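Trainee: coordinates for the following, if possible.
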Amino acid sequence: MGAVLFDFGGTLDFPRHWLDRFYIHYHEAGLALTRAQLDLSFSAATRAAYRSAALLHNFRLIDLIPWLVRRQLECLRHLQSSRMPSVVAPWQARFARETLVDRISEAFIQESMDGLAHSRVILANLAVRFKIGVVSNFYGNLERILEEAGFAPIVAAIADSGCLGIYKPDPEIYRTVLGMLAVAPAVTTMVGDSLDKDCAPARELGMRTVWLRHREASFQSAHAQDHADFTITALEELNPLLYSVC
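Mentor: Okay, the predicted model is just below:
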């Protein structure tokens, strides 16, 4: 029996990178940030979350996203004094900080819940024939989030970097999940939205690779063949693809 491994963020929860999703929700909340400006605070909050895996271990999605947004806003307030015009202060002059956190978080969480419900059906169908694993640079609480979203009966192994202390693209995180599933790379397919972090290391180990291409990532298409055996634009394309090649 073969296996299919999935990335989490941008793959199972919603087909778009978390930075791009936050960027949309910040704009909908009235903050006229550029993507580059938000990227600075997004990256800082992500690093803080990696360092806080023990604290976040039992966080549900509804706990995690507000935690991240608060730290993004803290970083934005710091950066606006030296590197960028003020974009947060004018908004907060009219609304309380927590109102902003709630507005952005609620939109993001609902989007994720809808995406996870959609992905759960697809993975349940694949689980009839394949062992299912999830490999993600996450914060130590991915098992909790997947269980809450109804994936526990479907997913046989979870490699959460926050628990393992190993981060993609380190091939060791893939070796770990292959060991959990007791499968060989040659009978395993990796599906993810990052060519560099998902597809490249998996292919290096001998896995078949499938790149989930977001609309924002179309410019990378020229390099897809270097790392990905197949390119899809939606998880629905997986079932016929895997059944035709496996």
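
Trainee: how does the chain divide up, domain by domain?
Mentor: Structural domains annotated on the chain: 3-16+114-245, 18-112, as defined by automatic domain parsing.

Trainee: I figured Asn137 was touching Lys168, is that so?
Mentor: Yes: between Asn137 and Lys168 there is a contact at 5.3 Å, judged by C-beta atoms under 8 Å. Yep, even glycine has a C-beta here, placed from its N, CA and C like the rest.

Trainee: what residues do those two have in common as contacts?
Mentor: Ser161, Lys197 (C-beta atoms under 8 Å, 6 or more residues apart in numbering).

Trainee: tell me the helices and strands packed up against the longest helix along the chain.
Mentor: Ranked by residue count, the top helix of the chain under DSSP state H comes out as helix 97-126. Other elements packing on helix 97-126 under the criterion 3 or more C-beta pairs under 8 Å, 6 or more residues apart in numbering; DSSP states H and E are helix 18-28, helix 61-80, helix 238-245.

Trainee: could you rerun that using 10 Å?
Mentor: strand 3-6, helix 18-28, helix 61-80, helix 89-92, strand 131-136, helix 142-148, helix 238-245 (3 or more C-beta pairs under 10 Å, 6 or more residues apart in numbering; DSSP states H and E).

Trainee: between those, which gets nearest to Met207?
Mentor: strand 3-6 (7.6 Å; C-beta to C-beta).

Trainee: paired strands for that closest one, with orientation please.
Mentor: strand 131-136 (parallel), strand 188-192 (parallel) (DSSP bridges).

Trainee: okay if I get these as TSV plus mean neighbour count and mean pLDDT?
Mentor: As requested, the strands paired with strand 3-6 are exported to TSV (neighbours: other C-beta atoms under 10 Å; pLDDT from 0 to 100):
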stretch	mean neighbour count	mean pLDDT
strand 131-136	24	98
strand 188-192	26	97
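
Trainee: out of the ones you listed, nearest to Leu164?
Mentor: strand 131-136 (9.9 Å).

Trainee: keeping just the C-alphas, turn the closest one into CSV.
Mentor: Extracted C-alpha coordinates of strand 131-136, given in CSV (Å, rounded to 0.1, in the frame of the first residue of the first chain):
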residue,chain,number,x,y,z
LYS,A,131,-1.9,5.8,3.8
ILE,A,132,-2.3,9.5,4.4
GLY,A,133,0.3,11.7,6.2
VAL,A,134,0.7,15.4,6.8
VAL,A,135,4.1,17.2,6.9
SER,A,136,4.1,20.8,7.9
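
Trainee: on that earlier part again, which parts of the longest helix of the chain are buried?
Mentor: 100-101, 103-105, 107-109, 111-113, 115-116, 118-120, 122-123, 126 (16 or more other C-beta atoms under 10 Å).

Trainee: check contacts around Arg120.
Mentor: By C-beta atoms under 10 Å, 6 or more residues apart in numbering, Arg120 lies in contact with Leu12, Leu146, Ala149, Gly150, Phe151, Pro153, Ile154, Val155.
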